[in-house]
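Undergrad: coords please:
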Amino acid sequence: WAIAHKFSSEKGFSKINNIEIQIGRTGALTPVAKIDPINIGGVVVSNATLHNEDEIERKDIRISDTVCIQRAGDVIPQVLYVDKSNRNKNSEKFHFPKKCPSCGLKTIKEFNSNTKKKDAVTRCPDTNFNCKEIQREKLKHFVSKDALNIEGLGKKLIDKFWEKKIIRYPYDIFNINLKILENHDGWGVRSIDNLRNSINKSK
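TA: The predicted structure is shown next:
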C-alpha cells in the first residue's frame, strides 16, 4: 500500500593515481583505487574499491584513467566505469599480482563446489602461517566487537603496536607493558588504566 521513492546515488569523476592491493585476514587480495580527492554527496572520497581481478578486467580499469565514482548505497565508493575518451594512449593494462605482496607466496583462486567455478576472489594461501598482513588483520579482528571486544584497542592502535613490534600474536596483547604508552600523545593515566581493565575483562 506504500511506495518508497529512492534517489539515485550521487556520482562524480576523478583520476586514478594508483591501484593498491590490500590483504584481509582471510588472505583475500582486494584492489583499491587511490584517486584524486572528490566530494560526493558531502563526503570527500580518495579511495574506491575495485572488488577483484575479474572486475578490473571487465571494466578495463587502468592507472591514470578518469573514472566515474559512485557511493554504493551512499556508503562505499566504487568505480562504475572508465571514461575512455580521456585515456592516455600510452596507458597499460593493470596486471593483478600473481604473488602475495606481503609474503611472496603464489596466489590462488579457490574452487567453489556449489557453482563448479573458481571464486572471483584471489587469495594468499598462507601455507606456513607467516604472512604478516594476514597476521595483522587477524589481530584487528581479534580485538573487534565481533570477537573479544577490547575497548580502547582499535585498528589504529594495533597498527601502531605492530609497527613498533610490540604485538605479533594474540597472546602478546595480554603481555603488553602499557607503561610505554605514557610517552605517547593522548595517553594519560586514566586512559591507560581503562585499556588495562578492558584487556583484563576480555580474559
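Undergrad: Test my guess that residue 130 contacts residue 105.
TA: No: the pair residue 130 / residue 105 is not scored as a contact, 9.3 Å apart, by CB atoms under 8 Å. Placement of C-beta: from N, CA and C, glycine included.
Undergrad: of these two, who's got more company?
TA: residue 105 (17 against 11; other CB atoms under 10 Å).
Undergrad: who's in contact with that one?
TA: Taking CB atoms under 8 Å, 6 or more residues apart in numbering, we find residue 105 in contact with 99, 124-127, 131.
Undergrad: now do residue 84
TA: Shown in contact with residue 84 (CB under 8 Å, 6+ apart): 60, 65.
Undergrad: same deal with the one 10 residues further on?
TA: Taking CB under 8 Å, 6+ apart, we find residue 94 in contact with 19, 31, 56, 61-63.
Undergrad: ok, 10 Å please
TA: Neighbour list for residue 94: 16, 19, 31, 33, 50, 53, 56-57, 60-63, 65 [criterion: CB atoms under 10 Å, 6 or more residues apart in numbering].
Undergrad: I'd like to know which of those are buried.
TA: Taking 16 or more other CB atoms under 10 Å as the criterion, what is buried in these is 16, 19, 31, 33, 50, 53, 56, 61-63, 65.
Undergrad: quick one: which of these is nearest to residue 171?
TA: Of all the buried ones among the contacts of residue 94, residue 31 has the smallest distance to residue 171: 32.9 Å, by CB to CB.
Undergrad: low-confidence ranges in the protein?
TA: For the chain, the stretches with pLDDT under 70 are 74.
Undergrad: Quick one: mark the members of the buried ones among the contacts of residue 94 that sit in helices.
TA: 53, 56 (DSSP state H).
Undergrad: and the buried ones among the contacts of residue 94 as a markdown table, adding distance to residue 177?
TA: Below are the buried ones among the contacts of residue 94 laid out as a markdown table (distance: CB to CB, whole Å):
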| residue | distance to residue 177 |
| --- | --- |
| 16 | 43 |
| 19 | 40 |
| 31 | 38 |
| 33 | 40 |
| 50 | 41 |
| 53 | 43 |
| 56 | 44 |
| 61 | 46 |
| 62 | 48 |
| 63 | 44 |
| 65 | 48 |
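Undergrad: mind listing what residue 196 touches?
TA: 152, 176, 178, 181 are the contacts of residue 196 under CB under 10 Å, 6+ apart.
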